[in-house]
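A.B. asks: I'd like to go over a predicted model; first the sequence, then the structure.
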Amino acid sequence: MNTDLEEFLTRLDGEIRAEGDWGKPADYIPELARIDPAQFGIAVALADGTIVTAGDAERRFSIQSISKVFSLACVLGRIGEQIWTRVGRESSGARFDSILLLEREQGRPRNPFINAGAIVTTDELLTGRSPKETLSEIVNFVRAAADDDDIHIDKTVARSETETGWRNAALANYLKSFGNLKNPPELALGTYIHQCAIEMTCVQLARAGRAIAGLPGATSIISPAKARRLNALMMLCGHYDGSGDFAFRVGLPGKSGVGGGILLIAPGRASVAIWSPGLNAYGNSKMATLAAEKLAQHMGWSVFGGR
Ligand SMILES: NC(=O)CC[C@H](N)C(=O)O
């Protein structure tokens, strides 16, 4: 039924593997630094309910910042628009772990997808709950979105980031100094780091994105109104200071993580997960970005039309 897409993905897998320069895995989290960059997987969940895959689509990887989409969806479900008093929704034009803007903007992070913004989102979810309960809420949300209970936190990755995450510790403390953390910084930070360490396969992630893509049959835990806004944020902020370049090349909302994953949304058409651990200069997967560009072009999926 989807033979054209199947053939295209098989060809794409070959083209990516022939590229040669995979980029470098994130080096500031030791557990991610030792992953072989020469890996690639893709899963495309379509509106007709089928999932087409190629490469290492069943291998688990650390979703890292892609988790920020799900924690934001959780918080919007819990407190709705109120979250925007604590975090903005503009592009940052800065690195994902930048502290500069926080100083200038008095502790209100630019958007919920840079680290400072996601620490605030997680802090909101933590309010009135223990870190364990908060993490269960986030993981269960992802499981419900993917309709798959076999999704877990990789404790080794979480420990590794806890041991070396000095920048994020600085961001959490800095947020606290501006009064924009309700909980002790170490609790908000620990919960954030564990949320980032959720591991999933491309197939699971593509399934979890179906509600954001508004595909028929997806769970209703993300309403169409919320999905619309998540897509806007993913388009403008999903790739940090590389968001403009990603929009230019791919033309679809996406969210990257330093584990090398990208969740790509073709509204009404498909939810796509792509993984390749080597990163480009912005900290986004080099090969997953290239694959997203080729896929969007082949399928004619840009939200801006054209090809
Ligand atoms: N861009 C990312 O994926 C960053 C997530 C990572 N856990 C960090 O906080 O640095």
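C.D. replies: All right, it came through fine.

A.B. asks: residue ranges with poor pLDDT in the protein?
C.D. replies: 1 (pLDDT under 70).

A.B. asks: contacting residues for the residue nearest the centre of it?
C.D. replies: Taking C-alpha atoms, centre = their mean, the centroid of the chain lies closest to residue 66, which sits 1.4 Å from it. Neighbour list for residue 66: 205, 255-257, 259, 261-263 [criterion: C-beta atoms under 8 Å, 6 or more residues apart in numbering]. Bear in mind the C-beta positions are built from the backbone N, C-alpha and C, glycine included.

A.B. asks: same deal with residue 289?
C.D. replies: Contacts of residue 289 by C-beta under 8 Å, 6+ apart are 246, 249-250, 256, 262, 280.

A.B. asks: Name the member of those residues that has the highest neighbour count.
C.D. replies: residue 256 (32 neighbours; other C-beta atoms under 10 Å).

A.B. asks: Who are the contact partners of that residue?
C.D. replies: Per C-beta under 8 Å, 6+ apart, neighbours of residue 256: 65-66, 238-240, 262, 283-285, 288-289.

A.B. asks: change it to 10 Å
C.D. replies: Residues counted as contacts of residue 256 (C-beta atoms under 10 Å, 6 or more residues apart in numbering) are 64-66, 96, 113, 234, 238-240, 242-243, 246, 262-264, 274, 279-280, 282-285, 288-289, 292.

A.B. asks: phi, psi of it?
C.D. replies: Backbone torsions of residue 256, given as degrees, to the nearest 10, read phi -100, psi 170.

A.B. asks: Enumerate every residue touching the closest residue to it other than its chain neighbours.
C.D. replies: Excluding its sequence neighbours, the residue lying closest to residue 256 (C-beta to C-beta, 6 or more residues apart in numbering) is residue 284, at 4.2 Å. Residues near residue 284 by C-beta under 10 Å, 6+ apart: 23, 65, 96, 238-243, 245-246, 254-258, 260-262, 292.
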